[in-house]
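Novice: Below is the sequence, then the predicted model.
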Amino acid sequence: MKPLQCACLVDVQDQKLLLVKVRQNQHWYLPGGKIEQGESPDQALGRELAEELGIAIQDARYLYTVIAPAYGQAGDVALICYHAKWQGEPRAMGEISEVAWLPLQNMDQFAPAVQVLCRDFIGSVPA
């Protein structure tokens, strides 16, 4: 089964990662979401961040792709990760119930793919 593809923002500041919570889920996710048919990953990133956080991205730069078990469904998810400058103050909109900067050591609160990101890739994230 092909992994579900999502475009995601990776932003680390002061050893804290920008994360979102969806509805009543227990775990935190990266901001972003599913790539729709006919959409490029960077287009999906811009659309999702505008819809879910009310922020506008600039200068999105691809970092890496994380493939890991999907949280709450069968199969894997492919997180196509970007670093980007953005404008606006992130706020919970749409299906997002919370937005927070969480310390990297709180990995037990993160969705499985975000845990893989932190363990295998986070050291190379630009500040």
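Specialist: Looks like it came in fine.
Novice: before we move on, what SS does residue 119 have?
Specialist: helix (DSSP: H, G, I helix; E, B strand; the rest coil).
Novice: isn't there a helix covering residue 106?
Specialist: Yes. According to three-state DSSP, residue 106 belongs to a helix.
Novice: Quick one: neighbours of it, just the number.
Specialist: Neighbours of residue 106 under the rule other Cβ atoms under 10 Å: 14. C-beta here means a position set from N, CA and C on the backbone, and glycine is covered the same way.
Novice: ditto for residue 9
Specialist: 24.
Novice: So in terms of bridging, what pairs with it?
Specialist: residue 82 (DSSP bridges).
Novice: Double-check it against residue 33; I have them as touching.
Specialist: No. The pair residue 9 / residue 33 is not scored as a contact, 10.3 Å apart, by Cβ atoms under 8 Å.
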